[in-house]
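J.: sequence-free structure coming up:
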């Protein structure tokens, strides 16, 4: 397992509620879950760095289409699509 890191920020003027984050990548045209976790409640303009275990499925020097989605229950709050990104290993 690898450690994945992502920074999450609350850009709103009110506190956010606890949420779920999912990181997926495309393989053969289908979304594959790489990792997921919990985003804590954040005060207005607060940010936090999250660390998650990630399945070691990535190959160095290969570009991946990644999607980072934040949910509250079944409601999608935010989605960030990162096309053709190389996954950095530390």
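T.: Perfect, I can see it now. The shown structure was predicted, so the numbers you read here are calculated from the model rather than taken from an experiment. Residues are numbered from 1 along each chain as shown.
J.: got the contact list for the lengthiest strand in the chain?
T.: What stands out as the longest strand in the chain, according to DSSP state E, is strand 75-86. With contacts defined as Cβ atoms under 8 Å, 6 or more residues apart in numbering, strand 75-86 is touched by 19, 60-71. For every residue, glycine as well, the C-beta is placed using N, CA and C.
J.: again, but for stretch 42-60
T.: 1-16, 21, 23, 25, 32, 34-37, 39-40, 64, 86-87, 89.
J.: please redo it, this time with the cut-off set to 7 Å
T.: 1-10, 12-16, 21, 34-35, 37, 39-40, 64, 87, 89 (Cβ atoms under 7 Å, 6 or more residues apart in numbering).
J.: If any of the contacts of strand 75-86 are buried, put those into a ChimeraX selection.
T.: In ChimeraX, a selection of the buried entries from the contacts of strand 75-86 looks like this (16 or more other Cβ atoms under 10 Å):
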select :19,64,66,67,68,69,70,71
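J.: if you look at the contacts of strand 75-86, which of them are in strands?
T.: Short answer: those in strands (DSSP E) are 19, 63-71.
J.: Tell me the spacing between residue 31 and residue 13.
T.: Residue 31 sits 33 Å away from residue 13, going by Cβ to Cβ, to the nearest Å.
J.: let me fix that: residue 65
T.: 33 Å.
J.: Look up phi and psi at the residue lying farthest from the centre of the chain.
T.: Centroid-distance maximum for the chain: residue 13 at 22.4 Å, with Cα atoms, centre = their mean. The phi and psi torsions at residue 13 (degrees, to the nearest 10) take the values phi -100, psi 0.
J.: Alright, that wraps it up for me.
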